[in-house]
Every structure is written in C-alpha cells, then in structure tokens.
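In: with the sequence up front, the predicted model follows.
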Amino acid sequence: MSDIILETHNLHCQYPDGTVALQGISIAIKKDKKIALLGTNGAGKSTLLLHLIALLKPTCGNILFKGKELQYNRSSLATLRSQVGLVFQDPDSQLFAPSVRQEVSFGPINLGLSEKQVAERVFRSLELSGIPHLADKPVHFLSYGQKKLVSIASVLAMNPELLILDEPTASLDPQNAMEIMNLLNTLNQKGMTVLLVTHNVEEAYGWADEIILMNNGLITGQGTPENILSQDELLAGNHLTKPLILDIFNSLQLAGHLPENLPVPRTREALMALIQNNTPVKRII
Ligand SMILES: Nc1ncnc2c1ncn2[C@@H]1O[C@H](COP(=O)(O)OP(=O)(O)OP(=O)(O)O)[C@@H](O)[C@H]1O
C-alpha cells in the first residue's frame, strides 16, 4: 500500500476576482512525516491548505486522498474531513461555541459518536493540548495563545490522520510557541502526519523532516531541511535566510575549524557537540 495520504496534481486556483493564487502545484504528503511549508506573503500557502481539505475546489488539476481522486460530494468530503484536520491561522475564525468543552465536542458530536465517546475524545484532546483546566471557560475570555490551543484541541478531537496547521506559532511568545511545537512532535510520535505553514525558518529547520517552498503560486523547492535550507540562491529567491545553526556550521567548516565530512546539525545541542568533539584541545603549557 502507498504511504502517500494526500497528493495534488497540477493544482491551479484562480479566485473570482481574477487573482491567480496557485499555478500548478504537485505535492505528495507522506504518512508519518513532519512537513513545513514555507513561502513569502501571498505565495498561495493558505490557498493550498484550503484545497487540501476541500474548502476550495481547484480551477483545474486534482487531489488524490489515499490514492483515490477526491470527489466533491457529501460522503467523499465527510471521509476526507474526518481524517484530515485544518487548524486555521486565526483562532477567532475557527472558534464559535460558548465554552471550550462545547467547542471541542462539536466535531465528535457531528461524527455521531455516543455521549461517552464524545466525552472521552474531549478529555483526551484537552489533555494532549495541555488545557484540561480551561474546559469550562468561555472561549471569548481566553488569551490568544489559549485560543490557539483550543483550536488545535478541537481538531484533535476528530482524531485526524493528517493534521494541517496554518502558522500555528505566529504571534505566540517563545514559551507558547515551543509548547505547540513539542505538542506537534508528540502527535507525530503517536503516528499523526503533520503539515504546517510557517514563516519561521529556524522553527522549520529544527522540526521538519521535509521542507516545501512556495513562491508566486508555484513550488520552488522540496526536500530535506539540510538540503533545501542550505542553498543560498534558492533561499534568496524565496526571500528566506539560512537557519542560524546551519550558517554557523557552514562558516566554521569554511574557516577550517570543523572538518568537511560531519553530519549536518539540526539543533543547537548537536552543533555544540560537534564543536566540542572536533575542536583541537589547546595546550596550556
Ligand atoms: N478570497 C480571495 N479572493 C481573492 N484573492 C485572494 C483570496 N484569498 C487569497 N487571495 C489572494 O491569493 C494570493 C495567495 O494568498 P494566500 O493567502 O494563499 O497566500 P499565503 O501564502 O497564505 O500568504 P500569507 O503568508 O501572507 O498568509 C494572494 O495574492 C491573495 O491576495
């Protein structure tokens, strides 16, 4: 069986006002991966996500869900949306119920689950998201970061196989951003495939298994973080800068302080270990 959950073929999107947002997008989202989608403002990232959960229908091109061409009928869409969840960039455009518990219950109730099953899903999603203490709070009293967590919890309650998030850490303080990235790692370790949009190159470099670059409605790069985010020309063409860890590592190699044949570090700790293990010990006497 194929390990591709969702794939797009030559997807085009033209909005009714004439704006061309996608100009032939072909991507494949593989099971169990952590994928970061990076691109300039207006590149078409959110438009692509809306196509992936069929909130928009492509002008031309098609989408395959688990190998089958997506049909835009009720049962096909219900199947897709029970297995692929999207967390919107702005929680206020996603949250509408009066309390957190009601918000997170909404999806499972719509799936027709029993009261007990709904309660279990809500409990589990709130636990995973680290917000069980907010269960009975009115949503409109919550901080922005808390609302982000509620919007993630409400999608998790659907138990999706593929979780898609549009800029989940935008406007969050570093601690809250780190907690969300840790949560996404935990979910991935439990077998969930995660695709996120971010403008944060450092975040994408440290977290993702795969990077997709978009510019002007086109895919401009796709591959491992080490490969894609080390290419100076590609980065400049996409208005991105090299991740700091990679920049320091490359500079140390260029200056001859580190040998050529080392594994490329993805984290600060890995870079520090390479420096400690490969820097000649200075003689004191
Ligand atoms: N409903 C719409 N009607 C007309 N044009 C739209 C609509 N939504 C988006 N666009 C346009 O489509 C293009 C792609 O927008 P999109 O929001 O997908 O980009 P993005 O990569 O997500 O940008 P950002 O990083 O700023 O969120 C932009 O030119 C935008 O103005």
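Out: Great, that's in hand. Note that the structure is a prediction, hence the values are computed from the model and not measured.

In: what helix or strand does the residue nearest in space to the middle of the chain sit in?
Out: With the centre of the chain defined as its mean C-alpha position, the nearest residue by Cα atoms, centre = their mean is L196, 1.3 Å away. According to DSSP states H and E, L196 maps onto strand 193-197.

In: please enumerate residues in contact with that strand?
Out: Contact with strand 193-197 is made by 5, 29-39, 45-46, 49, 52, 89, 161-168, 184, 187-188, as judged by Cβ atoms under 8 Å, 6 or more residues apart in numbering. C-betas here are computed from N, CA, C, even on glycine.

In: of these, list those near the ligand.
Out: Within the set of the contacts of strand 193-197, contact with the ligand (Cβ under 6 Å from any ligand atom) is found for G39, K45, S46.

In: out of those residues, which one sits closest to M272?
Out: Lowest distance from M272 to these (Cβ to Cβ) belongs to G39, with 30.7 Å.

In: from what I see, that closest one and N238 are in contact.
Out: Yes. In this structure G39 lies within contact range of N238 using Cβ atoms under 8 Å: 6.7 Å.

In: in terms of neighbours, single out the busier of those two.
Out: Between G39 and N238, counted using other Cβ atoms under 10 Å, the more crowded position is G39 (25 against 20).

In: any buried residues in the helix or strand containing G61, and which?
Out: Using DSSP H and E, G61 falls within strand 60-65. If you call a residue buried by 16 or more other Cβ atoms under 10 Å, then strand 60-65 has these buried ones: G61, I63, L64, F65.

In: what's the most distant pair in the residues you listed?
Out: The distance between the two most remote of the buried residues of strand 60-65 (Cβ to Cβ) is 14.2 Å, for G61 and F65.

In: re the thing from before, distance from the chain centre to the strand holding G61, please.
Out: In terms of Cα atoms, centre = their mean, to the nearest Å, the centre of strand 60-65 is found 20 Å from the chain centre.

In: could you list the paired strands of the helix or strand following it along with their orientation?
Out: The element immediately downstream of strand 60-65 (helix or strand, assigned by DSSP H and E) is strand 68-69. Strand partners for strand 68-69, identified by DSSP bridges, are recorded as strand 60-65 (antiparallel).

In: mean confidence for stretch 44-53?
Out: Average pLDDT, stretch 44-53: 96.

In: so that it lines up with my notes, have the first residue be 26 from now on.
Out: From this message on, residue numbering opens at 26, which makes the last subject stretch 69-78.

In: can I get it as PDB, trimmed to CA atoms?
Out: Taking C-alpha atoms only, stretch 69-78 is exported to PDB below (Å, rounded to 0.1, in the frame of the first residue of the first chain):
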ATOM      1  CA  GLY A  69      -0.500  30.800  -2.000                       C
ATOM      2  CA  LYS A  70       0.100  28.700   1.100                       C
ATOM      3  CA  SER A  71      -3.200  29.200   2.800                       C
ATOM      4  CA  THR A  72      -5.000  28.800  -0.600                       C
ATOM      5  CA  LEU A  73      -3.200  25.400  -1.000                       C
ATOM      6  CA  LEU A  74      -4.300  24.300   2.600                       C
ATOM      7  CA  LEU A  75      -7.900  25.200   1.800                       C
ATOM      8  CA  HIS A  76      -7.700  23.000  -1.200                       C
ATOM      9  CA  LEU A  77      -6.200  20.200   0.800                       C
ATOM     10  CA  ILE A  78      -9.300  20.000   3.000                       C
END
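
In: strands - which of the ones next to the ligand among the contacts of strand 218-222 land there?
Out: Counting by DSSP state E, these place G64 in strands.

In: hmm, back to that, with just CA atoms, put the strand holding L221 into CSV.
Out: In CSV, the C-alpha atoms belonging to strand 218-222 read as follows (Å, rounded to 0.1, in the frame of the first residue of the first chain):
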residue,chain,number,x,y,z
THR,A,218,1.3,13.2,10.0
VAL,A,219,1.7,16.9,10.5
LEU,A,220,1.9,19.6,7.8
LEU,A,221,2.4,23.2,8.9
VAL,A,222,2.8,26.6,7.3
